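Trainee: Below are the sequence and a predicted model for it; my questions follow.
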Amino acid sequence: MAKINVKLFGVFRMDTHIDCIELEAAKLGEIFPLLNEKSLALYEERHASDPKTEKPAPFTFKDAIVYVNGERSAKKGLKLADGDEIWLLSPASGG
């Protein structure tokens, strides 16, 4: 397992209230279940007294624009190393 830093941007950051988090994962695709777990735990802490608040949608690889150490990556199986920095950007949308 590698200790990595994950930075969230855009809607991901707004929805989860997480800007940066340290995780342990061996491969890139493993970070999404970990983030979903952390996001849900934070949501439950913040909204325990208000069950009407909508839970955050789970992260999926197809929803994210992913950078590893400053380079774009779409490989879920990419092996991670200690100190790697992952950026997750929400897909662009407009109107």
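Mentor: Thanks, I have the structure now. If you're wondering where the values come from, they're calculated on a predicted model, not measured in any experiment.

Trainee: Could you check how far the residue nearest the centre of the chain is from residue 50?
Mentor: Nearest to the mean C-alpha position of the chain, by Cα atoms, centre = their mean, lies residue 35 at 4.8 Å. With distances taken as Cβ to Cβ, to the nearest Å, residue 35 is found 23 Å from residue 50. In this view, the C-beta of every residue, glycine as well, is placed from N, C-alpha and C.

Trainee: same check, this time on residue 78
Mentor: If you measure residue 78 against residue 50 using Cβ to Cβ, the figure is 39 Å.

Trainee: neighbour count winner among those two?
Mentor: With neighbours defined as other Cβ atoms under 10 Å, residue 78 and residue 50 compare such that residue 78 has more, 14 against 7.

Trainee: Once you drop chain neighbours, what's closest to the more buried one?
Mentor: In space, and not counting its chain neighbours, residue 78 is closest to residue 28: 4.2 Å by Cβ to Cβ, 6 or more residues apart in numbering.

Trainee: So that neighbour sits against residue 72, correct?
Mentor: No - Residue 28 is beyond contact range of residue 72, at 11.9 Å (criterion: Cβ atoms under 8 Å).

Trainee: residues shared between the contacts of those two?
Mentor: Here residue 28 and residue 72 have residue 66 as joint contacts, going by Cβ atoms under 8 Å, 6 or more residues apart in numbering.

Trainee: Neighbour count for the two, which is higher?
Mentor: Under the criterion of other Cβ under 10 Å, the comparison of residue 28 against residue 72 puts residue 28 first, with 21 against 10.

Trainee: which residues touch the more buried one?
Mentor: Contact analysis of residue 28 by Cβ under 8 Å, 6+ apart lists 66, 68, 73, 75, 76, 77, 78, 80, 86.
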